[in-house]
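Asks: Predicted model, plus sequence, below.
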Amino acid sequence: MESVVLDKEPLGEMDARVFLYSDFLGKVSAKIRSARRIISKLNPHLEPLNLARVRLIEKNTFQVADALKFGSLPQENFKILRLINSMVQDNHADEELWKLIKSGNLSVKKVLTVLGFDASYSFCGVCEVKNPEFFYITDHLFYCRSCAPANLNPDEFVAIND
């Protein structure tokens, strides 16, 4: 199946878990055996931002059988893919989101709109000012610049107009 690699994380000593988004399955979490070995044949094809053809095997959870990279998205889309990974539930395909990802024309505003958080109709979660500037992923709220919590991790928020 064609998919985009949303993110990847270590799993155990030599394995890794990859998060994919495809047209047929939506978001999928799959294990890659021996991915962190130097001689791994799958690891280079399954880096974040890569477009890859992936074959999965289901043994209690999904496991990557083989993968082949056929393209990649621009580096500036990395944070947007992490947003998608944190906001989308596993195994729920969304054709509109897939088309947006596949087009490569990604923006935070477009992704939030497809996910049901249209920024053009939003208000700050604290002071209710229209057109907030930030979206906090962990609490699914919009904030204006003056109300945004100052001590949050940068991975927990995205600027809407980037």
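Replies: Perfect, I can see it now. What you are looking at is a predicted structure, and each value in this text was computed from that prediction instead of being measured.

Asks: longest strand in this structure, by residue count?
Replies: The longest strand of the chain (DSSP state E) is strand 61-72.

Asks: Let me see the contact set for the residue of the chain most remote from its centre.
Replies: Here the chain reaches farthest from its C-alpha mean at residue 127, the gap being 29.3 Å by Cα atoms, centre = their mean. Residues near residue 127 by Cβ atoms under 8 Å, 6 or more residues apart in numbering: 144, 146-147. The way it works is simple: take the backbone N, C-alpha and C, and place the C-beta from them, glycine included.

Asks: Let me know the closest of those residues to residue 51.
Replies: The nearest member of the contacts of residue 127 to residue 51, counting by Cβ to Cβ, is residue 144 at 35.7 Å.

Asks: Show the backbone phi and psi for that closest one.
Replies: In terms of degrees, to the nearest 10, the main-chain angles of residue 144 are phi -80, psi 170.

Asks: Leaving out chain neighbours, which residue sits closest to it?
Replies: residue 124 (4.2 Å; Cβ to Cβ, 6 or more residues apart in numbering).

Asks: Kindly report the same for residue 56.
Replies: Closest residue in space to residue 56, ignoring its immediate chain neighbours: residue 62 at 4.7 Å, by Cβ to Cβ, 6+ apart.
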